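S.K.: Pasting the sequence and the predicted coordinates here, then a few questions.
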Amino acid sequence: MTAIMCGITTTKLNQEEIELLRHPLVCGVILFKRNYHDYFQLKRLVDEIKSHFGSDFLIAVDQEGGRVKRFSEPFSQLPALAETGKVFLSNPDLAKSYAHVHAWLMSSELLSIDIDLSFAPVLDIDNGSNVIGDRAFSQKPEEATELAEFYCRAMHDAGMKTTAKHFPGHGTVVADSHFELPIDNRSLNEIENFDLIPFASLIQNNLIDAVMMSHVIYSEVCDDAAGYSKYWCQDVLRKNLGFKGVIISDDLGMKAADCVGDVHARYQACVDSGVDMALACTYELSAELLEKLPKNVPNRRFPQLKGHSKLSKTKPFWQNRHWQTIRNSMELIEKEIRKQ
């Protein structure tokens, strides 16, 4: 059965949440701004989660940079990925360095307190979408692919697995799937020769460990939203692109996700399409879903996505000399960019 990653309510676990997270289908927790007060509180929360459920119980977050970041300082307040794309236009080598240090800082800081995953990078192409926009590397697939390759290699260097999103591409539809159901009317040929370019290239180069599906209907290709579609998950992603990693749904609580019915219908659609992990990003949604799911099933865990910090965990990341060096490199790169 499809595993579930749950949301929790505040900066501490309560007993109801502990009992909920014990369900064998729960594989981890995804954190948001509501779960963060400061660095030391977050570290205590992560330690508590791991102590209750084990080191292979995943903890994830969206810490992309720009307008999508959940944790404030002392975590690096990184720019949106589009900033690397802007630099690429005049200085490709500097842009690649920028992408590298961006990814390394983001990954290393999270891993140093045992947060396993930031769901990154965004491989969508900036092509008119309200919700993607500057979250994407570029308006051009080839540029996005080149920058994403450096980004993914840096994540791996830091010890974090990569999650490419939002397959097969959310960048062209204007509608925001958090609030409405986007429908993309382009042909399969158009999608293959635009949106799929970075996904295909990075999968081929073994740089993608997980793929997050979009809540978009590509009406000329399939009647189902991509995350509920056996065609997109199995025929295209698994068979055509040869992806062997973990397939993840976007949040089942998003407005676009309800196109198949209530949360149980959404979960069953994920099961039917072969999604490995479904996100239920609030406690309330998680509780509603898990209430009716069987408990006499094997534990679902994904040890292949567990993070491995290269920084010492005995002191805060900002006291680590390697982090200080890379942080200085980021400042030098940004200084160079300002000169241009």
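M.R.: Structure's in. What do you need?
S.K.: With adjacent residues omitted, what lies nearest to the residue nearest the centre of the chain?
M.R.: The residue lying closest to the centre of the chain (Cα atoms, centre = their mean) is Phe119, at 1.7 Å. Leaving aside its chain neighbours, Phe119 sits nearest to Thr163 (4.5 Å; criterion: Cβ to Cβ, 6 or more residues apart in numbering). No exception for glycine: its C-beta is placed from N, CA and C like everyone else's.
S.K.: what does Leu252 give?
M.R.: Closest to Leu252 by Cβ to Cβ, 6+ apart is Arg266, at 4.7 Å.
S.K.: quick one: contacts of the helix or strand containing the one you found?
M.R.: Under the criterion of DSSP states H and E, Arg266 resides in helix 263-273. The contact list for helix 263-273, computed with Cβ atoms under 8 Å, 6 or more residues apart in numbering, reads 1-2, 4, 224, 227-230, 232-234, 249, 252-253, 257-258, 260, 278, 280, 285, 288-289, 292-293.
S.K.: rewinding a little: now for the residue nearest to the centre of the chain: which residues touch it?
M.R.: If you count contacts by Cβ under 8 Å, 6+ apart, Phe119 has them with 60-62, 64, 163, 165, 212, 248.
S.K.: what does Phe71 give?
M.R.: 33, 36, 42, 61, 63.
S.K.: Which ones among those map onto helices?
M.R.: Leu42 (DSSP state H).
S.K.: In a markdown table: the contacts of Phe71, plus neighbour count.
M.R.: Shown next, in a markdown table, are the contacts of Phe71 (neighbours: other Cβ atoms under 10 Å):
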| residue | neighbour count |
| --- | --- |
| Lys33 | 11 |
| Tyr36 | 17 |
| Leu42 | 21 |
| Val61 | 24 |
| Gln63 | 22 |
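S.K.: Now do the helices in the stretch 101-250 of the chain.
M.R.: 141-158, 188-192, 196-204, 230 (DSSP state H, counting those that start in this stretch).
S.K.: Show me what the third one is packed against.
M.R.: Right, helix 196-204. When contacts are defined as 3 or more Cβ pairs under 8 Å, 6 or more residues apart in numbering; DSSP states H and E, helix 196-204 sits against helix 141-158, strand 163-167.
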